[in-house]
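J.: Next one to model:
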Amino acid sequence: MNPDIEFSLVIPFYNEEKNAEFVCNDILHTFRNKQLTFELIAVNNGSQDNTPEILARQSQNNKEIKVVKVDVNQGYGHGVLQGLKTAKGVFIGYSVGDRQISADDVYEVFNEARMNDLEYCQGKRTNRKDTLLRTLNTRFFHFIFHILFPSPITDNGSNPKIFKKTWYERIQPESKDWFLDSEIIIKTSVLKGKMKEVPVTFLKRKEGKSKINILASFEMLKNLFKWRLRKIR
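T.: Now for the predicted structure:
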């Protein structure tokens with residue numbers, strides 16, 4: 001941990017050539033205006049488009065940006081973890097590279113964690129507009145999740161997710177897929193860490209395609225029961 005870096009933010013990019021430059025510039029502009037000492041860890045998560053070239057150019061032009069390369073995509077969680085293990089800030093965390101969460105909201109969640117000395121803080125999406133199928137799927141997952149793991153967090157999949165570096169080192173998350181979000185919440189809840197949700201505006205994706213599908217939903221449910229058995233043991 002480097003006490004001179006207040007915040008390390010990891011952004012995984014997988015085939016986000018139409019979003020990567022905007023996301024990086026949005027974070028740089030916002031965080032600099034807030035006079036925050038930070039590092040932006042941009043993870044090229046096995047992209048097969050022009051994302052690597054865009055991130056390399058951003059890193060060359062901005063000292064706050066560090067690029068982590070993942071040669072072959074092994075899942076969302078794996079990409080995030082590759083970035084987090086290089087993070088040096090007092091607070092570290094991750095958000096999305098698809099422009100659906102603004103840099104202003106990322107800063108507000110970070111500031112809430114800092115001002116209230118929270119182990120963990122995350123966004124809670126407002127004005128979310130999903131398809132009926134995805135809405136039902138999400139509600140069903142959260143219903144099962146809170147039966148198995150009671151928690152004050154109501155929107156597991158929302159970003160950003162921010163925690164103290166020392167807390168990250170304690171919980172040592174390991175999930176390589178989308179279940180990473182829920183694993184962090186489970187461990188923080190079980191270990192009684194101070195946690196909170198902050199409302200964030202969920203923006204409509206303008207470019208690119210979502211990487212979440214129905215198979216990911218089944219995988220998350222499978223992991224949910226696996227972690228329940230693990231907790232019992």
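J.: List the buried residues of the helix or strand containing residue 107.
T.: Element membership for residue 107, per DSSP states H and E: helix 103-115. Within helix 103-115, the residues that qualify as buried are 103, 105, 106, 107, 108, 109, 110, 111, 112, 113, 114, counting by 16 or more other Cβ atoms under 10 Å. To be clear about C-beta, it is placed using only N, CA and C from the backbone, and glycine gets the same treatment.
J.: would you list the residues you listed in TSV and tack on distance to residue 86 and pLDDT?
T.: Formatted as TSV, the buried residues of helix 103-115 follow (distance: Cβ to Cβ, whole Å; pLDDT from 0 to 100):
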residue	distance to residue 86	pLDDT
103	20	97
105	24	97
106	19	98
107	21	98
108	25	98
109	21	98
110	18	98
111	23	98
112	24	98
113	20	98
114	21	97
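J.: Which of those sits closest to residue 125?
T.: The nearest member of the buried residues of helix 103-115 to residue 125, counting by Cβ to Cβ, is residue 105 at 9.8 Å.
J.: then stretch 114-124 to PDB, C-alphas only?
T.: What follows is stretch 114-124, C-alpha atoms only, in PDB (Å, rounded to 0.1, in the frame of the first residue of the first chain):
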ATOM      1  CA  ARG A 114     -13.400   7.500   2.900                       C
ATOM      2  CA  MET A 115     -15.500   9.900   5.000                       C
ATOM      3  CA  ASN A 116     -17.300   7.200   6.900                       C
ATOM      4  CA  ASP A 117     -14.300   4.900   7.300                       C
ATOM      5  CA  LEU A 118     -16.100   2.000   5.600                       C
ATOM      6  CA  GLU A 119     -14.500  -1.400   4.800                       C
ATOM      7  CA  TYR A 120     -16.700  -1.700   1.800                       C
ATOM      8  CA  CYS A 121     -19.000   0.700  -0.200                       C
ATOM      9  CA  GLN A 122     -20.700   0.200  -3.600                       C
ATOM     10  CA  GLY A 123     -23.300   1.800  -5.900                       C
ATOM     11  CA  LYS A 124     -26.900   1.000  -6.000                       C
END
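J.: residues in contact with residue 123?
T.: By Cβ atoms under 8 Å, 6 or more residues apart in numbering, the residues touching residue 123 are 101, 105, 109, 155, 158, 159, 160, 161, 197, 198, 199, 200.
J.: go with 7 Å
T.: Listed by Cβ atoms under 7 Å, 6 or more residues apart in numbering, the contact set of residue 123 reads 101, 105, 109, 158, 159, 160, 198, 200.
J.: Narrow those to those in helices?
T.: 105, 109 (DSSP state H).
J.: Looking at the contacts of residue 123, which gets the smallest pLDDT?
T.: Lowest in pLDDT among the contacts of residue 123 is residue 158, which has 91.
J.: coming back round to it: of the contacts of residue 123 - the most surrounded one?
T.: When neighbours are counted by other Cβ atoms under 10 Å, residue 109 leads the contacts of residue 123 with 27 neighbours.
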